[in-house]
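A.B. asks: one predicted model, sequence on top.
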Amino acid sequence: MAKQDMKGISRIDSHNTHGWFVRKYHQGRTISKFFSDTRYQSKARALAAARAYRAKLDEKFPAPASNAFRTAPQKNSSTGVAGVSETFMRSRNGRKIPCFTVTWRPEKGVSRTKKFSINAYGREEAFRRAVEFRREMEAEMLANRSQSG
């Protein structure tokens, strides 16, 4: 079974619940459905139904071709900027230090972060630097994708 065939499909075996769970994110919305082994009379049949459902979702809601990274912030974003969140980092003695964290994925399967300390820069400057850095990473990701594609 190819890994791509299982994208967005996970197995749930918990107490009296046994089956396959399909999940797809599209335009800030989650679409999900559970395929019970009992209802489909076997684990294999439930998986086949889950894979067929996922294929239909992928056909109905294809991934955007040109936009390989998030440009709009998530609904629960406290900063209003995609890829920039207000978090904490830990000092060597375990003390929490407030910061803005920039997250980006330079290539598939690789995630990177960079933190901008609010204590070091002040709140406004740390946020400005984080947003500026995120924009630089977006430009770099776009340039790398246009060169490879």
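C.D. replies: Arrived safely, thanks for sending.
A.B. asks: per-residue confidence averaged over the longest helix seen in the chain?
C.D. replies: Secondary structure of the chain per DSSP state H: the longest helix is helix 123-148. Throughout helix 123-148, pLDDT has a mean value of 86.
A.B. asks: just the buried residues of that helix, please?
C.D. replies: 126-127, 129-131, 133-134, 137-138, 141 (16 or more other Cβ atoms under 10 Å). For every residue, glycine as well, the C-beta is placed using N, CA and C.
A.B. asks: in TSV: the residues you listed, plus distance to residue 13.
C.D. replies: Below are the buried residues of helix 123-148 laid out as TSV (distance: Cβ to Cβ, whole Å):
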residue	distance to residue 13
126	44
127	44
129	46
130	41
131	43
133	42
134	39
137	39
138	40
141	38
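A.B. asks: moving C-terminal of the host helix or strand of residue 54, what's the next helix or strand?
C.D. replies: Using DSSP states H and E, the secondary-structure element containing residue 54 is helix 43-60. Next helix or strand after helix 43-60 toward the C-terminus (DSSP H and E): strand 84-90.
A.B. asks: what comes into contact with that next one?
C.D. replies: 77-79, 96-103, 115, 117, 127, 130-131, 134 (Cβ atoms under 8 Å, 6 or more residues apart in numbering).
A.B. asks: buried subset of those, written for PyMOL?
C.D. replies: The buried residues among these can be selected in PyMOL (16+ other Cβ under 10 Å) with this line:
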select buried, resi 79+99+100+101+102+103+115+127+130+131+134
